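1. sequence and predicted structure below; questions after.
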Amino acid sequence: MSGPVETNEAVASRDEMIDSLAAALPEWLPTQRWFGGKDREITAVRPVSWTTLLDGDPLLIHLVVEVEQGDRTEPYQLLIGSRQSQVPDVAATASIGLENGLTCYEASGDADLTACLLELIIAGEPVDELRFEREPDVELTAGLRAHPITSEQSNTSLVYGNQYILKLFRKLTPGLNKDLMLHRALRDVDCQHIADPLGSISGELHGEELTIGMLQRFMPDAADGWVMATTSVRDFMADPSGLPPEELGGDFAGEAYRLGKAVATVHADLATALGTELADAAELQRTVAAMTERLDRVTAELPSLADHGPGLRAAFGKVAEIREPVSMQYVHGDLHLGQVLRTINGWLLLDFEGEPAATLAERSALRSPLRDVAGMLRSFDYAAQQLLVGQPEDPDRTARAMQWARRNRAAFCDGYAHVAEHDPRDSADLLRALELDKAVYEVSYEHANRPDWLTVPLASIDRIMTEGE
Amino acid sequence: MPQDPAPDAALVGLEETPHTGEAIAEDGTLVEPQADDFGHAEQATSDPEWFKRAVFYEVLVRAFSDSNGDGTGDLRGLADKLDYLQWLGVDCLWLPPFYASPLRDGGYDISDFRAVLPEFGTVEDFVHLLEEAHKRDIRVITDLVLNHTSDAHPWFQQSRNDPDGPYGDYYVWGDDDQRYADARIIFVDTETSNWTYDPVRGQFYWHRFFSHQPDLNFENEEVQEAMLDVLRFWLDLGIDGFRLDAVPYLFEEEGTNCENLPRTHEYLRKCRETVDREYPGRILLAEANQWPSDVVEYFGDPKVGGDECHMAFHFPLMPRIFMAVRRESRFPISEILAQTPEIPSGTQWGIFLRNHDELTLEMVTDDERDYMYREYASDPRMKANIGIRRRLAPLLDNDRNQLELFTAMLLSLPGSPVLYYGDEIGMGDNIWLGDRDAVRTPMQWSPDRNAGFSRSDPGRIYLPPIMDPTYGYEAINVEAQQSNAMSLLNWTRRMIEVRKQHNAFAEGEFVDLGGSNPSVLAYKRVWERPDGEHDVVLCVNNLSRFPQPVELDLSEHLGFTPVELTGSVRFPRIGELPYLLTLPGHGFYWFQLSELGDEGERRSQA
């Protein structure tokens, strides 16, 4: 246990507070959106380390806890605030009632307290075992207040004065964080399609390096790709003329094309920065095995997928038969329209962490860039169909949604091919397998989280299997 | 050997009025009218930076009002309508050329810089217009073409007939058509070369536009002086400034594209010096249809607040506004404004939605051009050269919501707005008229004969007024709209009034607020008042036809209250969280951000 040098008495009372906090967390954690372990009962929450960032009133403590759920133990970080003289202006869901009557709260929404995180990064001084660092040659503006972004799923991001964004990774993974590592690598090759990394917060867990947060340039002018695309879909579906998407004002193909170019550019930059290698036969076998294993797992949960079992298995199997060289490299790993930002200077890619559910080893593996392309193609399908979800079946509207998806998937691939000088559609077997694998993952995800949406990946699998596109 | 024709032989209808070349002095120079031959108008009130705040109104003399019943609008007719323009809130009239001209290029082919086109009236009539306008605190600027003249101009006639005379070197002559091969041909539809052979002089002359518009030779100091004297002539009469037409092309230089050359800028500085020294408070506005990053050069040196033109048109903004609304995305507008460099402190952009030319497509990329064609010109007749000739209302399907949204953006984006005559009542166009006449039909004043524009026999009108059921003058006219409180005209007048109450609209810094909803364009205009306080105006525009929510980061104005500007309605106070607004389809808001005390006392932001 660590903490600032304090009197024995203060340490004792702080220890007491942390202990009673830990006791309250099993009930509180599952109410938090970012908590990834909602599928199981919490058996114990153990404080691993804590650091006092602001002492006195108000109080701000950085806390790392281990959440034990049966045989699974995962570390999470929390910012804990406490005020005696004033009620903080944060959401009720943030407050954590303690047995002794003291009220603590998750402090990422308290701008008075979170301001110190940026100040610490600017100062570049460690606080106990937490290291606050600026990236080389970065100058930062001090004195900015932060507000949390509300749309986030698995992490918490604070925006400082519309200039910087600090992403606090909620579930912590020991080792150098892939998001930070790839951002640095891309920055070093002057990649134009990322938000520059500006600083980081790191610590240690059981003697291993741990990335806690990453500070990046914030793009206040930006809108995310999902919103951009669904705006276009909305207009297209509402248009009474029945004209094809290219004839209508809200056509998205120009954006999709430029997005394809941006993704291809990032792939090229990652290859320049971190190299490529060719997949050997064993790698392809492993890929097929992983895809098939996922299919089996999902089919067990959801027998309706079984009809497509043989077809899917055959499609995956074709990957092992690929004879032309398959280039592997670091990729984004979880690319979809929600991970790209349209700024006034073009598209940016965000969040290079990889799939949130994947293990570190999976996330860090060398992957084919086509995995990102497949992810984006899936996302266009989702965007096209989102207005159909929960609605009575309507073949005309479905056909219209597909019209939109087809046009924008093609435009994205055209843009990608323009930069990459090879068309992803030329690697049809691999791209198809990757897209189907992603759809299988989606089936599982929607089944667990949003049953209404299950029709989207199922319809896509159906279409790909029958029409081959 | 045939007698050389008189230098003014090609001037038509000026026999009775003073004009250039009616006599030749002993040294061979042409006698030209002087400002002292005419009365002068009193100046408008003194305000050297009036142009930064002005609402401009482009009006075609021919199309506005006919005072003498000959079927063509004239300067006296325009003067008669100044009360209306004052009522509307117009600060400055921009008149396209009204000079003597054979009218082969809409009057931009000037055959005498010192005479008025007879059908519009006389120089005296122009002084009358100025006098009446200034009484109402309305200023007047007009187009002046520095680059070239009509081939009917006595200068050109002298130049071709007497190569060794005083005008022999006034134009760019060459023995062949090979020089300056890198200069593009601008009017690709009609011209095949920038050189045309003149059989009279037996040489080629240079012209960047039509072959009947020879370029003046600015290498010749005498030409430079002669054009300064043209400026002085009108400035002496009391005019408030010039829109300098086709400025990028004044000089030529081998091996360049002959646009934006340093010597062109040098001459503009000379014009500016002359204006500042002899006629302070009058302005020069550059017409340079270029990217903003190139156009800023025409403002001159930022260190001295600009030492070339006071204003320049922002050309690419206009098609981007149309594109943004059609795409329901703010990016076309945000992008072009982000690419627009800062301008010197003593200068201002001019922005517009429509003008007498087409929807200019030169400033959009090929992709975008195809797109604009598709969206806005379903009928091929609507395309001309590389533009689209439509008025605002028909371009927007006569949708009142969109008309208001577009006008609100025109009045709140950075730059002085330029309204095009008739758009304030939502006039239509007539695409069956040739050339650019579709958008130059008579102003619709009333449901009376000839739309109240002229007392003449309808057959004599220069162009028929619009008569279709939607846009015809019986439905759309000033008289009807003035008496209807909810009309587009009264709405426009009210918005101009609101704009004038907040100098932030005119001079405030532009801050794009971005936001996660791409269909909403939100920006602040922040003006630091002379007393050091800030006037902050917030503009939120829904570019989508559907209702939209938007969350804006206004944390910089924590504790302030947005007060809606047309109705003074107070919105909820700005807190720490993003500020949520909802807008109806194509809706917009203008707010002032005010610090309100407990008793509701209103103060400005400290």
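-> Thanks, I have the structure now.
2. make it CA atoms for all contacts and neighbour counts henceforth
-> Fine.
3. helices and strands of the chain: which one bottoms out on pLDDT?
-> Chain wasn't specified; assuming chain A. Lowest by mean pLDDT, DSSP states H and E among the helices and strands of chain A is helix A:360-364, with a mean of 59.
4. not quite, I wanted chain B
-> The weakest-scoring helix or strand in chain B, judged by mean pLDDT, DSSP H and E, is strand B:383-384 (a mean of 46).
5. and residue B:323, what's its pLDDT?
-> Per-residue pLDDT puts residue B:323 at 83.
6. what of residue A:3?
-> If you check residue A:3, the pLDDT there is 41.
7. now the closest residue to chain B within chain A: how far from residue B:389?
-> When distances are taken as Cα to the nearest Cα, chain A reaches nearest to chain B at residue A:221, 3.8 Å away. From residue A:221 over to residue B:389 the distance is 33 Å, taken as Cα to Cα, to the nearest Å.
8. also residue B:454?
-> To residue B:389, residue B:454 is 25 Å away according to Cα to Cα.
9. residue B:243 looks like it's in a strand, true?
-> Yes. Using DSSP: H, G, I helix; E, B strand; the rest coil, the assignment for residue B:243 is a strand.
10. who's it bridged to?
-> Counting by DSSP bridges, residue B:243 forms beta bridges with residue B:143, residue B:285.
11. more neighbours: residue A:221 and residue B:389, which one.
-> The neighbour count for residue A:221 versus residue B:389, taken as other Cα atoms under 10 Å in any protein chain shown, is higher for residue B:389 (29 against 24).
12. residue contacts, residue A:299?
-> A:305, A:306 (Cα atoms under 8 Å, 6 or more residues apart in numbering or on different chains).
13. what are the phi and psi angles of it?
-> Here is the backbone geometry of residue A:299 (degrees, to the nearest 10): phi -60, psi -30.
14. same thing with residue A:95?
-> Main-chain torsions, residue A:95, degrees, to the nearest 10: phi -80, psi 140.
15. tell me the pLDDT of it.
-> For residue A:95, pLDDT reads 82.
16. tell me which residues form a beta bridge with it?
-> For residue A:95, the beta-bridge partners are residue A:105 (DSSP bridges).
17. doesn't residue A:105 make contact with it?
-> Yes. Between residue A:95 and residue A:105 there is a contact under Cα atoms under 8 Å: 4.0 Å.
18. residue contacts, the nearest residue to residue A:369 once chain neighbours are set aside?
-> Closest residue in space to residue A:369, ignoring its immediate chain neighbours: residue A:331 at 5.8 Å, by Cα to Cα, 6 or more residues apart in numbering or on different chains. Each residue near residue A:331 by Cα under 8 Å, 6+ apart is listed here: A:267, A:270, A:352, A:366, A:367, A:368, A:369, A:371, A:372.
19. just to revisit the earlier point, who has more neighbours out of residue A:95 and residue A:105?
-> The neighbour count for residue A:95 versus residue A:105, taken as other Cα under 10 Å, is higher for residue A:105 (25 against 18).
20. thought the more buried one was touching residue A:84?
-> No. The pair residue A:105 and residue A:84 does not pass the contact test of Cα under 8 Å, sitting 12.0 Å apart.
21. if we can go back for a sec, weed out the non-buried ones from the contacts of residue A:331.
-> By neighbour count, with 16 or more other Cα atoms under 10 Å in any protein chain shown, the contacts of residue A:331 hold A:267, A:270, A:352, A:366, A:367, A:368, A:369, A:371, A:372 as buried.
22. pull the CA atoms of the helix or strand harbouring residue A:378 into PDB?
-> Counting by DSSP states H and E, the element that carries residue A:378 is helix A:369-385. What follows is helix A:369-385, C-alpha atoms only, in PDB (Å, rounded to 0.1, in the frame of the first residue of the first chain):
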ATOM      1  CA  PRO A 369      -4.900  -4.800 -42.400                       C
ATOM      2  CA  LEU A 370      -7.900  -6.400 -44.000                       C
ATOM      3  CA  ARG A 371      -9.300  -7.000 -40.600                       C
ATOM      4  CA  ASP A 372      -9.700  -3.200 -40.200                       C
ATOM      5  CA  VAL A 373     -11.200  -3.000 -43.700                       C
ATOM      6  CA  ALA A 374     -13.700  -5.800 -42.800                       C
ATOM      7  CA  GLY A 375     -14.600  -4.000 -39.600                       C
ATOM      8  CA  MET A 376     -15.400  -0.900 -41.500                       C
ATOM      9  CA  LEU A 377     -17.400  -2.700 -44.100                       C
ATOM     10  CA  ARG A 378     -19.400  -4.200 -41.200                       C
ATOM     11  CA  SER A 379     -19.900  -0.800 -39.800                       C
ATOM     12  CA  PHE A 380     -21.400   0.500 -43.100                       C
ATOM     13  CA  ASP A 381     -23.900  -2.400 -42.900                       C
ATOM     14  CA  TYR A 382     -24.800  -1.400 -39.400                       C
ATOM     15  CA  ALA A 383     -25.200   2.300 -40.300                       C
ATOM     16  CA  ALA A 384     -27.400   1.400 -43.200                       C
ATOM     17  CA  GLN A 385     -29.700  -0.900 -41.200                       C
END
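23. now do stretch B:437-449: distance from first to last residue.
-> This stretch, stretch B:437-449, spans 21 Å end to end (Cα to Cα).
24. distance of residue B:139 from residue B:78?
-> According to Cα to Cα, residue B:139 stands 13 Å off from residue B:78.
25. also residue A:270?
-> 66 Å.
26. output the below-cut-off pLDDT ranges for the stretch 251-400 of chain A.
-> Scanning the stretch 251-400 of chain A for pLDDT under 70 picks out A:356-366.
27. surely residue B:7 meets residue B:157?
-> Yes. Residue B:7 lies in contact with residue B:157 (Cα under 8 Å); the separation is 5.7 Å.
28. tell me which parts of chain A are close to chain B?
-> A:147, A:161-162, A:220-224, A:227-228, A:231-232, A:247-251, A:343-345 (Cα under 8 Å from any Cα of the partner chain).
29. just the ones in helices from these, please.
-> A:227, A:228, A:231, A:232 (DSSP state H).
30. tell me the two of the residues you listed that are most distant?
-> A:227 and A:232 (8.7 Å; Cα to Cα).
31. quick one, helices of chain A?
-> Taking DSSP H as the criterion, chain A contains helices spanning A:8-28, A:111-123, A:178-188, A:225-238, A:253-274, A:281-301, A:309-320, A:360-364, A:369-385, A:395-420, A:428-449, A:455-467.
32. excluding covalently adjacent residues, which one is nearest to residue A:79?
-> Residue A:79 sits nearest to residue A:62 (Cα to Cα, 6+ apart), 4.9 Å away.
33. what's the answer for residue A:387, then?
-> If the residues on either side of it in the chain are set aside, residue A:387 comes closest to residue A:234, at 7.6 Å by Cα to Cα, 6+ apart.
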